[in-house]
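**Student:** attaching a predicted model along with its sequence, questions to come.
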Amino acid sequence: MLSSEPSAVRRRASREAAARPLAEPLSTLLYRSRAVVAPSDAELYRIQQLAQARNRHESITGLLIYHDGQFFQWLEGPAAGLGRVWDAIRADPRHTTIELLGSAPTPTRFYVDWDLKLSIQRLGEAGAVPAAAPALVSPVEALVRHLAAPLVQPLRPAAAPLIAGTPTGRASPRRFGARAPHLARLLTAADPAAAFDLLDRLHAQVGTIAALCATLFEPAARELGDLWQADECSEFEVTLGLWRLQTAMRRTDASALPAPAARMPSVLVTPQPGEPHMFGAALDAELLWRAGWDAQCEQPATDDALQRLLASTWFDALDLSLSAAFRREHWLPRMATSITLARRASRNPALVVVVGGRVFAEPSGEGAQVGADACSATALQLAPSILRLLHSRR
């Protein structure tokens with residue numbers, strides 16, 4: 001994969017343009033399309049340069065991904081300017097099958113520095129995000145943050161047991177594991193209505209998100225990765241499926257949960273810097289919040305950003321995760337470096353570090369390899385692991 005960074009001058013111009021007072025609120029737009037003829041890297045950079053000039057004129061910022069013949073673009077800015085850019089995009093003869101994936105108002109920009117970030121991904125490179133571009137964030141993940149109740153500003157529910165079995169009168173969730181392959185295919189379909197309907201029905205039967213966590217949500221995420229491995233879907237469709245799982249999780253009501261009885265540990269929940277898949281961190285944070293924990297969910301783009309978070313606030317623990325869909329074994333050395341730097345920067349010299357993700361779902365020693373205190377094979381293990389480690393250090 002190749003990526004191009006705007007120069008310092010263009011980054012400053014984009015930030016200044018984005019910061020200017022606007023006469024109308026901001027909006028976002030996400031679409032995908034297919035190239036009529038596969039462009040070379042040089043042609044893609046020319047497309048980027050022309051679009052950057054147009055975007056600066058309209059105070060538009062965003063991200064363009066080219067992946068194996070498809071374009072995915074996230075755009076944000078004032079509604080009128082965004083409309084004019086969208087009209088020009090739809091009239092461009094270099095692509096076809098243009099599909100609008102999402103559009104909504106937004107209170108802020110996600111790509112303030114980028115009049116148009118470009119990432120080029122060729123066939124065979126879909127399973128990894130390069131170390132050279134750790135700041136790249138999937139446009140679908142940006143859409144998740146805005147359209148699916150951003151985790152960085154949660155409605156803090158009161159506490160309930162993390163998981164205390166299935167409520168009386170509810171169905172046992174164990175039998176739902178066989179539904180995971182079917183659910184994964186529904187999550188990658190053009191219309192997600194059937195996937196949401198299935199998730200709503202199963203949730204109504206068991207009553208809690210926690211009860212579906214290890215029996216359906218996490219197996220479905222791994223099935224999405226298997227579909228990609230079998231070349232039955234694209235990485236974009238995997239990310240879209242994870243977003244839909246996260247959306248289904250966030251739609252449930254936690255307002256009736258009882259208040260916490262005592263102060264719970266503070267946990268910084270983040271994906272590994274550079275990891276575009278947020279689902280594992282989102283699931284961890286959701287279960288911790290519903291159990292009354294003091295959980296802060298972030299998505300630091302770099303190790304420096306993670307270190308700043310840990311240096312500015314006291315945390316009892318750090319929950320660091322890789323993709324719930326892909327194994328990412330080749331990311332383990334990078335994660336080890338991140339953990340070493342995180343411990344060094346933390347205000348808490350006894351910081352507990354727990355790691356999660358598909359690569360840790362099958363116990364094989366990876367946690368020790370990366371320098372973590374424990375591996376979380378499922379989100380349900382996270383809270384007990386942290387409590388056990390904190391208790392052992394008293």
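**Tutor:** Sure thing, it's come through.

**Student:** okay, helices next: where are they in the stretch 151-300 of the chain?
**Tutor:** For the stretch 151-300 of the chain, the helices defined by DSSP state H, counting those that start in this stretch cover 180-187, 193-206, 209-212, 218-229, 235-250, 279-290.

**Student:** in terms of mean pLDDT, which of the ones you listed ranks lowest?
**Tutor:** Note on the helices of the stretch 151-300 of the chain: lowest mean pLDDT is at helix 209-212, with a mean of 76.

**Student:** which neighbouring elements make contact with that one?
**Tutor:** Under the contact criterion of 3 or more C-beta pairs under 8 Å, 6 or more residues apart in numbering; DSSP states H and E, helix 209-212 touches helix 193-206, helix 279-290. C-beta coordinates here come from the backbone N, C-alpha and C atoms, glycine included.

**Student:** let's see 7 Å
**Tutor:** When contacts are defined as 3 or more C-beta pairs under 7 Å, 6 or more residues apart in numbering; DSSP states H and E, helix 209-212 packs onto helix 193-206.

**Student:** got the buried residues for the longest strand seen in the chain?
**Tutor:** Taking DSSP state E as the criterion, the chain has its longest strand at strand 95-106. Neighbour-count burial for strand 95-106, with 16 or more other C-beta atoms under 10 Å as criterion, is recorded at His95, Leu101, Gly102, Ser103, Thr106.

**Student:** rank the residues you listed by pLDDT and give me only the lowest.
**Tutor:** Among those, Thr106 carries the lowest pLDDT, at 69.

**Student:** picking that back up, how about the helices of the stretch 151-300 of the chain, which one is nearest Gly356?
**Tutor:** Among these, the nearest to Gly356 by C-beta to C-beta is helix 279-290 (5.6 Å).

**Student:** any idea of the angle the closest one forms with helix 218-229?
**Tutor:** Here the directions of helix 279-290 and helix 218-229 differ by 170 degrees (axes from the mean of the first three to the mean of the last three C-alpha atoms, to 10 degrees).

**Student:** who does helix 279-290 touch, helix- and strand-wise?
**Tutor:** Here helix 279-290 touches helix 235-250, strand 266-271, strand 294-297, strand 317-321, going by 3+ C-beta pairs under 7 Å, 6+ apart.

**Student:** ok, back up a step: from the buried residues of strand 95-106, which two are the most distant?
**Tutor:** Maximum distance among those (C-beta to C-beta): 24.6 Å, for His95 and Thr106.

**Student:** mind listing what Leu341 touches?
**Tutor:** By C-beta atoms under 7 Å, 6 or more residues apart in numbering, the contact list for Leu341 reads Asp303, Gln307.

**Student:** quick one, grab the pLDDT at it.
**Tutor:** For Leu341, pLDDT reads 97.

**Student:** is it true that it lies in a helix?
**Tutor:** Yes. Judged by DSSP: H, G, I helix; E, B strand; the rest coil, Leu341 forms part of a helix.

**Student:** quick one: distance of stretch 44-53 to the chain centre.
**Tutor:** Here stretch 44-53 is found 27 Å from its chain centre; the criterion is C-alpha atoms, centre = their mean, to the nearest Å.

**Student:** next one: stretch 284-291
**Tutor:** 16 Å.

**Student:** may I have that stretch exported as PDB, CA atoms only?
**Tutor:** Extracted in PDB, the C-alpha atoms of stretch 284-291 (Å, rounded to 0.1, in the frame of the first residue of the first chain):
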ATOM      1  CA  ASP A 284     -14.700  -3.800  25.500                       C
ATOM      2  CA  ALA A 285     -15.700  -0.300  26.300                       C
ATOM      3  CA  GLU A 286     -19.400  -1.000  26.000                       C
ATOM      4  CA  LEU A 287     -19.300  -3.900  28.500                       C
ATOM      5  CA  LEU A 288     -17.100  -1.900  30.900                       C
ATOM      6  CA  TRP A 289     -19.400   1.100  30.800                       C
ATOM      7  CA  ARG A 290     -22.500  -1.100  31.400                       C
ATOM      8  CA  ALA A 291     -20.700  -2.500  34.400                       C
END
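
**Student:** any idea how far Gln52 is from Ala91?
**Tutor:** To Ala91, Gln52 is 19 Å away according to C-beta to C-beta, to the nearest Å.

**Student:** need the contact list for Leu101.
**Tutor:** Taking C-beta under 7 Å, 6+ apart, one finds Leu30, Tyr31, Arg32 in contact with Leu101.

**Student:** re earlier: deepest-packed of the helices and strands packed on helix 279-290, please.
**Tutor:** Neighbour counts (mean count of other C-beta atoms under 10 Å) averaged over each of those peak at strand 317-321, with a mean of 28.

**Student:** give me the contact list for it.
**Tutor:** In contact with strand 317-321 (C-beta under 7 Å, 6+ apart) are residues 265, 267-272, 280-281, 284, 310, 335, 338-339, 342, 351-357, 382, 386.

**Student:** ok so, going back, partner strands of the longest strand of the chain and their direction?
**Tutor:** When pairing is defined by DSSP bridges, strand 95-106 lines up against strand 26-35 (antiparallel).

**Student:** go through the contacts of Leu101 and name the one nearest Trp74.
**Tutor:** Closest approach to Trp74 among the contacts of Leu101 (C-beta to C-beta): Leu30, at 5.1 Å.

**Student:** give me the beta-bridge partners of the closest one?
**Tutor:** Under DSSP bridges, the beta-bridge partners of Leu30 are Trp74, Gly102.

**Student:** same thing with Arg34?
**Tutor:** Gln70, Thr96.

**Student:** so for stretch 35-51, what's the average pLDDT?
**Tutor:** 89.
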